[in-house]
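Peer 1: Whatever this is, show me its structure:
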Amino acid sequence: MTIFRNEIRTGVLVVVTLTALVCLLLYLGAPGVFVAQKKFRIYLDNASSLSPGAPVLLAGRRIGQVIELHSPVPEKERPDPKLETSVDIQVDKSAQIFNKVKARMTLPSLLGKPVIDFTTGVESSGLAPEGTGFVGERDPGLADAVPTLLEKLDPALKTATATFEGLQKTADNLNKLTQQNSDLPQALAEFKKFTKHLNEVIGPDGALRGSLENIKKLTGDDGKLATSFDQIAKMTGPDGDLAKTLAHAEKFTGKLEDNKDIDATLHNLRTASENLDRQLKQFTGKLSATAENLKEGSDTLKHQPWRLIWPSTKKYPEETLFPRNSTSGSDSKKASETTPPSTKQPLFKFHATPR
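Peer 2: Residues are numbered from 1 along each chain as shown. Below you'll find the predicted structure:
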């Protein structure tokens, strides 16, 4: 009888234990069996690594779990064409999820699984009714960090590549410039020659040093330039020659101004100068005619000396118009009748005497 009672107790204990275990599993796996629940839907662009049973948090406190994922969602049901995944969640009916709230899929730890977290709810917007759909945000994970990092590094890599290419071109140009027969060695050689000549010019025995010494001597206290300035100062001083000359000129012009006969004198001087100019013009005309006659006589004596003895055949243009012996009255008429105008009488006549 005692053994039978022990078996009954053991069986009841096993049944109670199994019932408690089933209730616990139901509570953990299906919380809606014992606690009232409500469902919501969250739209995400990508629900990678998110699985059913993942926790749903409200400001870090667990209020439910993910029950189902749908992907891809028909485009007509999407609030945004980029949101291809919908996540159905089930939370406690007492959870205060407002209409304006931020739903994020985030990683609570570096190696943990993603969870759904509701944060920054606006109480004034009111509680969201069951079945409301929210546009969720996804925090970038390691899978997204690499492309993002590459996108950030891509401009820097392109800039670095361009910089390296520029450095390579610069190195090539420097190599070309520093070759044996390139421009840079020749320029350095020419600069070396220039510095050598410059050193010769500005050296102790150079031309520039000599020029500076000469300028120093010229502009010194006893130099020629200082002496010249002293002479000019003496000349232009109050007791200098220039001042005395100006004083004498002032006195002379003062006397001329006081002289009342200056106008008559100037008039007589002007008349005398006009007469002198007239006489000079007449004298110049006569002198020109005399010079022309002397020129003709010397030319005749040089080229035709025989004209001094016998008549010449040379004809002058002015004699054809105005003969030399047709000067006045009847004498000129007689001379024109007896002597042809084109012939000239010899200067000397020889008369032969009979023997």
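Peer 1: Ile97 reaches Val91, doesn't it?
Peer 2: Yes. Contact criterion CB atoms under 8 Å: Ile97 and Val91 qualify, at 6.9 Å. The way it works is simple: take the backbone N, C-alpha and C, and place the C-beta from them, glycine included.
Peer 1: Quick check: neighbours shared by those two?
Peer 2: Residues touching both Ile97 and Val91 (CB atoms under 8 Å, 6 or more residues apart in numbering): 40, 58.
Peer 1: residue ranges of the strands in the protein, please?
Peer 2: Counting by DSSP state E, the chain has strands at residues 37-44, 55-58, 61-70, 85-92, 98-106, 115-127, 133-138.
Peer 1: Redo these as a markdown table? Include distance to Ser211 and mean neighbour count.
Peer 2: Below are those laid out as a markdown table (distance: least, CB to CB, whole Å; neighbours: other CB atoms under 10 Å):
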| stretch | distance to Ser211 | mean neighbour count |
| --- | --- | --- |
| strand 37-44 | 91 | 21 |
| strand 55-58 | 95 | 20 |
| strand 61-70 | 98 | 17 |
| strand 85-92 | 94 | 21 |
| strand 98-106 | 88 | 18 |
| strand 115-127 | 88 | 15 |
| strand 133-138 | 86 | 18 |
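Peer 1: Just send those strands back as JSON lines, with distance to His197 too.
Peer 2: Converted to JSON lines, the strands of the chain look like this (distance: least, CB to CB, whole Å):
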{"stretch": "strand 37-44", "distance to His197": "82"}
{"stretch": "strand 55-58", "distance to His197": "88"}
{"stretch": "strand 61-70", "distance to His197": "89"}
{"stretch": "strand 85-92", "distance to His197": "85"}
{"stretch": "strand 98-106", "distance to His197": "80"}
{"stretch": "strand 115-127", "distance to His197": "82"}
{"stretch": "strand 133-138", "distance to His197": "78"}
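Peer 1: Turn these into CSV, columns for mean pLDDT.
Peer 2: As requested, the strands of the chain are exported to CSV (pLDDT from 0 to 100):
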stretch, mean pLDDT
strand 37-44, 92
strand 55-58, 92
strand 61-70, 91
strand 85-92, 93
strand 98-106, 92
strand 115-127, 92
strand 133-138, 91
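Peer 1: Lys176: which of the ones you listed is closest?
Peer 2: Set against Lys176 and scored by CB to CB, these come closest in strand 133-138, at 55.3 Å.
Peer 1: how about low-confidence regions in this structure?
Peer 2: 1-4, 26-35, 141-146, 256-257, 259-261, 301, 304-355 (pLDDT under 70).
Peer 1: Do a quick rundown of the helices in it.
Peer 2: Assigned by DSSP state H, the chain shows helices spanning 2-29, 142-177, 183-202, 207-219, 224-236, 241-258, 262-303, 317-321, 329-338.
Peer 1: Quick one: closest of those helices to Lys82.
Peer 2: helix 142-177 (14.4 Å).
Peer 1: Report the angle between the closest one and strand 133-138.
Peer 2: Angle of helix 142-177 versus strand 133-138, following axes from the mean of the first three to the mean of the last three CA atoms, to 10 degrees, is 40 degrees.
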